[in-house]
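> Coordinates for the following, if possible.
(one chain, ligands or ions: 1)
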Amino acid sequence: MTRPIARRVIILGAQSAIAEAAARRFAAEGSRFVLVGRDLARLNEIAADLRVRGAAACEVEALDLVEARDPRGRMRAWVDTLGGISLVLIAFGVLGDQEEAERDLHALDRLLAVNFNAPAVWAATAAEIMMAQGGGTVMAIGSVAGDRGRQSNYAYGAAKAGIGVFMQGLAHRLAPSGARAVLVKPGFVDTPMTAGFAKGGPLWASPDQIGAAIWRAADKGGPIVYAPWFWRFIMLIIRAVPAFVIHRSKL
Ligand SMILES: NC(=O)c1ccc[n+]([C@@H]2O[C@H](COP(=O)([O-])OP(=O)(O)OC[C@H]3O[C@@H](n4cnc5c(N)ncnc54)[C@H](OP(=O)(O)O)[C@@H]3O)[C@@H](O)[C@H]2O)c1
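I've put the predicted structure just below:
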């Protein structure tokens, strides 16, 4: 049996249900954490839970990850707090409202900033440090929504497609250094983000299923990891459907 690895983990958007499920797995290995999100009370609750589950240390910081100033400085400070870095997980995001994004350009701008600009900037800051140290994994959560533009969610989908290409390119750049960049791409997941959806059936995953995929991808695989794996084949088919067929649908 291989020994569990105690990692040094920074989670951006640590209140996310998917991130919390992943963090529990790393905590069981005795990892150390910096948890960043907007709600300090909730972050403290998650940190207490992770300590009970085996985390060696857990610092929290309340921060709006889109509005944050000096991302380089913040990332450096978190890495110093941990005494190094093994994994940066970029989990924050919003589904947004496609119709609002069509009406209101500020809403569109905001949706793209939360789901693409800010994750890309944070990934770039983590990558600099990992390149210099010659190892570590920077991981972002994308979405299968980024695999094909559809009328119901193409603003969110475009941002997720963008972060996918960014992480793929970053993985290429990092490869010679020994560091890695990974995009985990879930399908439907039962979390607060999908609270308004009718749930159930074989396509819906639990946060823990995606947490397990994140935990595995911390060591190997990528740069693009579908979660669960079968979405790779579903999206292969969806991408192959001709536009004239899609245009007759309400998808
Ligand atoms: N659920 C799904 O079906 C699904 C599918 C594919 C991909 N994903 C992706 O998975 C990731 C995690 O989502 P989830 O399903 O776990 O949903 P979630 O529980 O709603 O988590 C999303 C988190 O992002 C945080 N966030 C949003 N804007 C932020 C900001 N400006 N600064 C700091 N934190 C911010 C939210 O914090 P607040 O609580 O402060 O708002 C929330 O905790 C997201 O990137 C999402 O797009 C989800």
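> and the nearest residue to residue 121 once chain neighbours are set aside, how many neighbours?
Sequence neighbours aside, residue 71 is the residue nearest to residue 121 in space, at 5.4 Å (criterion: C-beta to C-beta, 6 or more residues apart in numbering). The way it works is simple: take the backbone N, C-alpha and C, and place the C-beta from them, glycine included. Around residue 71 sit 16 other residues, with neighbours defined as other C-beta atoms under 10 Å.
> in the longest helix along the chain, what counts as buried?
In the chain, with assignment by DSSP state H, the single longest helix is helix 154-174. Within helix 154-174, the residues that count as buried by 16 or more other C-beta atoms under 10 Å are 154-164, 166-168, 170-171, 174.
> Next, the contact list for the residue nearest to residue 121, please.
Listed by C-beta atoms under 8 Å, 6 or more residues apart in numbering, the contact partners of residue 71 are 121, 122, 125.
> neighbour-wise, which of those leads?
Counting neighbours by other C-beta under 10 Å, residue 122 comes out on top of these with 25 neighbours.
> pLDDT value on it, please?
At residue 122, the model reports a pLDDT of 98.
> Quick check: residues of the chain near the ligand?
By C-beta under 6 Å from any ligand atom, the part of the chain that sits against the ligand consists of 13, 15-18, 37-39, 64-66, 91-94, 114, 141, 143, 186, 188-189, 191-194.
> Neighbour count says what about those? Which are buried?
Judged by neighbour count, with 16+ other C-beta under 10 Å as the criterion, the buried members of these are 13, 15-18, 37-38, 65-66, 91-93, 114, 141, 143, 186, 188-189, 191.
> In the stretch 1-150 of the chain, where is pLDDT below threshold?
Applying pLDDT under 70 to the stretch 1-150 of the chain picks out residues 1-4.
> got the contact list for whatever residue of it ends up closest to the ligand?
The minimum distance from the stretch 1-150 of the chain to the ligand, using C-beta to the nearest ligand atom, falls at residue 93 (2.5 Å). Taking C-beta under 8 Å, 6+ apart as the criterion, residue 93 is in contact with 13, 16, 114, 115, 119, 141, 193.
> Confirm the third one sits in a helix?
In other words, residue 114. Yes - counting by DSSP: H, G, I helix; E, B strand; the rest coil, residue 114 is part of a helix.
> Verify the contact between it and residue 92 for me.
Yes - Residue 114 sits in contact with residue 92 when judged by C-beta atoms under 8 Å, with a separation of 7.1 Å.
> Determine the residues that are contacts of both of the two.
Between them, residue 114 and residue 92 share no neighbouring residue, with contact defined by C-beta under 8 Å, 6+ apart.
> Now do the SS call for residue 222.
Residue 222 ends up coil, using three-state DSSP.
> and the residue nearest to it when sequence neighbours are not counted, what helix or strand is that in?
Here the nearest residue to residue 222 in space, its sequence neighbours aside, is residue 182; by C-beta to C-beta, 6+ apart that works out to 3.7 Å. Assigning secondary structure by DSSP states H and E places residue 182 in strand 180-186.
> Good, wrapping up.
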